[in-house]
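**Student:** give me a 3D structure for the following:
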Amino acid sequence: MEKLRKIGMKILKWTGIFVAFILFLMFIIPILFPGTISQQVKIFANKRLAGKLDYKQVHLTFFRHFPSLTVSVDDLILRGSKPFEQDTLLAAKEVAAGINLKDLIFGGGVKIDEIYVSDAIANVYVNSKGEANYNVYVSSPDKGPKDTTGKGTSIKLDLIKFKNWQVKYIDHTAKVYLDAKGLNYTGQGGLSQDIFDLETDLKIDQLNFSLDRVWYAQQKSLHADLITRINTNALTFVLKKNELKINDLPLKFNGFVSILKDGYDLDIKAASEKTTIRDMISVLPPTYLDWAKDTKIEGKSSLFFSLKGQFSEQRKQKPHFTAHLLVNDGTISNAKAPVPMNNLNVDLGIDLPALDAEQLGLDLKKLNFDLGKNNTFRAAVKTKGLSEMNVVANMKGGVDLQTLDAALGLKDLDMKGLLNADLQANGIFSFSKKLFPKTKGFIKLNEGWLKSTAYPNPIQHINLDAQISDTDGTFKSLGVKLSPFQFDFEGNPVFVSADLQDFQDMLYQVRAKGVLNVGRIYQVFSRKGLDITGQISADLSLNGRESYATSGQYSKLDNKGTLLLKNIKATTSYLPKSFYLKEGKFQFENEKMWFRRFNATYGRSDFALDGYLLNTINYFLERKGTLHGNFGLHSDHILVDEFMALKSGDNDDKSIAVEYAKAEHPKSSGVVIVPKNLDVALKVDAKKVGFKGLNMNNLQGTAAISNGQIFLKHTSFDIIGSRMSIDARYQDESPLAANFDVGFKVQDFDVQRAYKEIDMVRTMATSAKDVSGIVSLDYKLKGDFDQNMNPIYPSLEGGGVVNLRDVAVKNLKMLSVVGDNSGIDGFNHPDMKGVNISTQIKDNLIHIDKFTFKVSILRPSISGTTSFNGLLDILVRVGLPPGGLIGIPVAVTGTSEKPKLKFFSRKGQAILTAIYNRKINKVVQEEKHDTVNPRKVQKQEKKAAKKDAKEAKKKVDKEVDKI
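**Tutor:** So this is what the prediction gives:
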């Protein structure tokens with residue numbers, strides 16, 4: 001017994017010594033090696049990271065992630081790779097790297113085998129050009145012999161642990177948005193090997209995911225238990241064991257993902273078999289989940305889907321998607337319902353080759369439910385294609401909406417009325433080919449009643465009788481009859497009847513009468529995010545045939561009546577703000593829709609329109625029509641800046657192109673986007689028009705909007721104290737680019753005032769700062785606007801004449817240096833009154849034709865080239881008396897601020913042109929002086945510039961003549 005006690009004491013003694021030794025090492029190692037580890041980690045980061053790395057403090061300890069020895073960095077911020085150097089890729093409260101003790105103590109190197117990142121925000125971004133912000137790791141080239149000593153820093157990971165992350169992934173090329181909050185991730189395996197199995201445990205508290213603006217997950221929780229085989233050589237991920245749970249819906253999937261140079265290669269199959277309808281509903285948007293809590297839901301469901309193929313934006317390849325949803329023997333009921341919804345069955349298949357909606361196939365083999373003996377609904381629909389859609393559909397049933405409302409337990413909406421439908425269709429729908437499936441059927445609603453908790457009064461006495469028929473599968477035999485559609489809302493009855501026949505050349509009879517408060521209607525339906533107000537009053541009778549208007553047989557039309565709109569708010573996808581229509585009275589007279597009173601505002605701009613639109617009935621009947629019209633437009637103030645697509649405003653319903661452009665260029669204003677479906681002439685009278693700080697007063701003239709372009713013809717306005725006339729054309733190319741042609745004339749303007757008030761003058765005519773007096777201008781230009789609607793100077797082409805009617809030139813450096821070196825003081829104040837200067841512009845260069853002026857008794861002449869950036873290649877010929885027949889050539893080079901002279905020389909220093917790529921609206925090479933100085937090249941450029949100027953003039957004249 002004593003012997004056992006002694007053995008026990010020895011064990012405890014040596015155990016205590018060992019524990020004490022381990023604790024001693026835990027304290028001493030961070031003290032012995034901090035310099036080595038910190039230095040090695042810093043060297044490694046600087047060599048291998050392209051993005052800028054900032055952090056506050058570094059710790060070396062065993063106790064943050066016991067028992068691992070970790071180097072921990074507090075408050076780390078890692079910036080993205082080019083062109084996202086100013087954006088944060090990763091921000092974390094702590095980033096810790098686990099150090100391999102064996103290599104540290106005995107090998108003299110730092111081996112990182114564990115990574116811990118806590119309380120982090122990651123922003124992963126791919127812009128519309130395919131540029132990604134996460135390419136921050138720089139692989140080292142294989143140069144020289146390999147390091148066989150084992151020293152230095154390397155990464156051979158066995159463990160990755162993320163705690164409390166928020167991850168945003170936005171890919172504009174794939175139109176993907178993902179936002180994951182409360183993400184916790186643990187990954188284990190031989191991560192340093194070429195091929196290894198990664199065991200993953202992933203939990204996300206809240207997941208939002210959308211593809212091409214369609215939300216597939218909103219505020220969903222997710223738990224994943226995965227085993228993934230990773231091949232780092234081929235960047236392939238093989239999904240071996242994959243169990244996923246989205247809210248209450250379990251999902252298993254397998255397959256592989258390979259990362260390619262220009263995209264992905266996918267083959268993923270997923271299934272959620274033998275689950276319940278309630279589990280399936282748990283993945284619906286959050287607004288439906290509260291309803292599901294208080295509703296009895298029973299039945300079985302299964303979901304299958306697959307995604308196979310390559311995704312590459314560059315090669316225009318996308319994978320094949322298929323899905324299949326089954327719901328069997330479902331029951332949905334509420335305690336207040338007289339009967340439950342029984343026999344709910346759904347069998348839906350989806351086939352989407354190459355993710356192409358034009359090839360979309362839907363196969364709803366079964367959708368049926370019962371609400372008691374006389375309330376049954378059955379439907380089956382099969383379609384293939386989109387623009388040209390093959391349709392087979394059969395829908396039949398009668399439903400008491402009050403019973404349906406009670407059975408579903410709808411909280412925010414009450415319904416009443418008897419709905420009956422019997423509809424069969426078989427054939428091809430193609431708008432372009434004027435085909436419509438053979439159809440026969442009706443939809444009827446008797447004494448409908450609809451009330452929302454968002455508004456106290458119901459929409460009541462809803463009656464609808466819609467008859468649809470097509471006998472031969474063409475638009476010609478298609479007929480739709482509403483007899484009638486009517487309802488009452490807040491004591492105002494609304495009545496609509498319509499008889500539409502022969503959709504190939506539509507014969508229509510439409511009658512509409514009533515008053516509708518639009519804002520309150522939207523309140524009934526409780527549409528969040530919409531701010532709709534206003535009232536519509538209608539008393540219309542429309543009778544005619546589509547071809548009567550297009551063929552000019554207006555006498556056969558019988559369109560009459562009025563439409564009155566008040567306080568209506570309207571938005572479009574390409575404008576940042578909303579239009580507010582204070583009042584609009586529209587009167588229909590056969591082919592014309594007259595704007596009798598139309599007063600609207602847009603931001604600080606106001607508009608009053610009077611005139612008419614032609615053929616509006618056909619515009620609404622056609623799928624892609626164009627509105628034609630003629631108007632007078634009156635305004636006290638139009639501020640063009642407010643119409644630029646990326647400006648801030650109250651419109652949240654922007655096009656995806658505008659949204660992406662704003663995300664990629666948050667500080668840019670964008671350009672003005674022109675609607676593509678208008679062909680309208682305007683006689684404009686605006687008291688004040690503002691554009692980028694430039695004010696134009698009393699603008700009058702003719703404008704037109706046609707084919708997505710704006711034209712101005714014989715338009716004039718007051719600017720800098722003078723009257724300017726212009727002919728112009730403008731066209732947007734994207735939210736970030738536009739092009740223009742303009743010809744303008746201005747008589748007798750103050751050149752100093754122009755220099756001070758107009759940015760373009762200061763850029764294009766830098767020498768104007770040394771000129772005072774009266775100047776006239778006759779010029780034509782074409783070019784491009786950048787993302788802030790500033791002219792891109794290397795894109796400009798054109799030419800014209802500047803007349804120096806009554807000017808004084810003082811201390812122009814290019815001439816002063818000639819005077820200083822020749823001893824002729826008159827070059828500091830030459831006489832240029834009445835001189836015409838003809839120039840041509842191309843590739844950021846201004847080519848100056850020879851012109852002569854006076855300096856005392858001398859007759860100098862100037863010709864040559866200068867650039868918008870101030871480079872000079874000018875030839876000054878100083879004509880000596882008598883008559884200037886004998887002259888001294890002087891070459892002026894350098895820059896406008898630092899000119900250089902070479903007397904008795906006819907050779908300057910030619911300027912090589914800038915190179916501008918119009919496809920990408922980018923300058924790819926700046927202009928520069930040519931060291932070889934081929935004067936012949938300069939002459940060729942001048943000749944080409946003159947030719948382009950003439951072509952620009954012809955183009956402007958041709959376009960404005962179309963107005």
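**Student:** in this structure Ala270 contacts Phe321, no?
**Tutor:** No - between Ala270 and Phe321 there is no contact, the gap being 11.2 Å when judged by C-beta atoms under 8 Å. C-beta: built from backbone N, CA, C; applies to glycine.
**Student:** which neighbours do those two share?
**Tutor:** 305-306 (C-beta atoms under 8 Å, 6 or more residues apart in numbering).
**Student:** return the residues in contact with Lys481.
**Tutor:** Listed by C-beta under 8 Å, 6+ apart, the contact partners of Lys481 are 466-468, 498-500.
**Student:** dump the residues you listed to JSON lines, plus distance to Asp262 and secondary structure.
**Tutor:** What follows is the contacts of Lys481, written out as JSON lines (distance: C-beta to C-beta, whole Å; DSSP: H, G, I helix; E, B strand; the rest coil):
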{"residue": "Ala466", "distance to Asp262": "50", "secondary structure": "strand"}
{"residue": "Gln467", "distance to Asp262": "53", "secondary structure": "strand"}
{"residue": "Ile468", "distance to Asp262": "48", "secondary structure": "strand"}
{"residue": "Ala498", "distance to Asp262": "52", "secondary structure": "strand"}
{"residue": "Asp499", "distance to Asp262": "55", "secondary structure": "strand"}
{"residue": "Leu500", "distance to Asp262": "49", "secondary structure": "strand"}
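**Student:** weed out the non-buried ones from the residues you listed.
**Tutor:** With neighbours counted by 16 or more other C-beta atoms under 10 Å, those contain buried members at 466, 468, 498-500.
**Student:** out of these, the closest to Gln193 would be?
**Tutor:** Closest approach to Gln193 among the buried ones among the contacts of Lys481 (C-beta to C-beta): Ile468, at 65.0 Å.
**Student:** hmm, back to that, and which of the buried ones among the contacts of Lys481 is nearest Asn803?
**Tutor:** Scanning those for proximity to Asn803, where the rule is C-beta to C-beta, the winner is Leu500, at 63.8 Å.
**Student:** now the closest one: closest residue in space, sequence neighbours ignored.
**Tutor:** With C-beta to C-beta, 6 or more residues apart in numbering as the criterion, Leu500 has its nearest non-adjacent residue at 4.6 Å, and that residue is Val480.
**Student:** and that neighbour, bridged to which residues?
**Tutor:** Per DSSP bridges, the residues bridged to Val480 are Ile468, Leu500.
**Student:** next one: it from Phe442, what distance?
**Tutor:** Relative to Phe442, Val480 is positioned 11 Å away (C-beta to C-beta, to the nearest Å).
**Student:** could you dump the contacts of Lys481 into JSON lines with pLDDT and distance to Thr865 added?
**Tutor:** Output for those, formatted as JSON lines (pLDDT from 0 to 100; distance: C-beta to C-beta, whole Å):
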{"residue": "Ala466", "pLDDT": "94", "distance to Thr865": "73"}
{"residue": "Gln467", "pLDDT": "95", "distance to Thr865": "76"}
{"residue": "Ile468", "pLDDT": "95", "distance to Thr865": "72"}
{"residue": "Ala498", "pLDDT": "93", "distance to Thr865": "69"}
{"residue": "Asp499", "pLDDT": "94", "distance to Thr865": "72"}
{"residue": "Leu500", "pLDDT": "92", "distance to Thr865": "67"}
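**Student:** which among those gets closest to Met395?
**Tutor:** Ranked by distance to Met395 (C-beta to C-beta), the contacts of Lys481 are led by Ile468 at 11.4 Å.
**Student:** hey, where'd the helices end up in the protein?
**Tutor:** Taking DSSP state H as the criterion, the chain carries its helices at 2-32, 34-48, 101-102, 277-281, 286-293, 401-408, 518-525, 546-550, 616-621, 656-664, 751-757, 759-764, 813-822, 935-961.
**Student:** which stretch in those helices has the least confidence?
**Tutor:** Looking over these, mean pLDDT reaches its minimum on helix 101-102, with a mean of 50.
**Student:** circling back to that earlier point, looking at Val480 and Phe442, which is more packed in?
**Tutor:** More neighbours surround Val480 than the other of Val480 and Phe442, with 17 against 14 (other C-beta atoms under 10 Å).
**Student:** now for the more buried one: which residues touch it?
**Tutor:** With contacts taken as C-beta under 8 Å, 6+ apart, Val480 has the following neighbours: 466-468, 498, 500.
**Student:** pLDDT score for it?
**Tutor:** 93.
**Student:** how near is it to Arg520?
**Tutor:** Relative to Arg520, Val480 is positioned 29 Å away (criterion: C-beta to C-beta).
**Student:** wait, Asp606 touches Leu639, no?
**Tutor:** No - shown here, Asp606 and Leu639 do not form a contact pair, counting by C-beta under 8 Å, at 10.0 Å.
**Student:** for Phe162, which non-adjacent residue is spatially closest?
**Tutor:** Nearest-residue entry for Phe162: Tyr185, 4.1 Å, with adjacent residues in sequence omitted and distances by C-beta to C-beta, 6+ apart.
**Student:** can you redo the contacts of Val480 as a markdown table with distance to Trp594?
**Tutor:** Rendered in a markdown table, the data for these read as follows (distance: C-beta to C-beta, whole Å):
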| residue | distance to Trp594 |
| --- | --- |
| Ala466 | 31 |
| Gln467 | 33 |
| Ile468 | 33 |
| Ala498 | 23 |
| Leu500 | 24 |
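**Student:** in those residues, find the pair that's most separated.
**Tutor:** By the measure C-beta to C-beta, those have their two most distant members at Ile468 and Ala498, which lie 12.0 Å apart.
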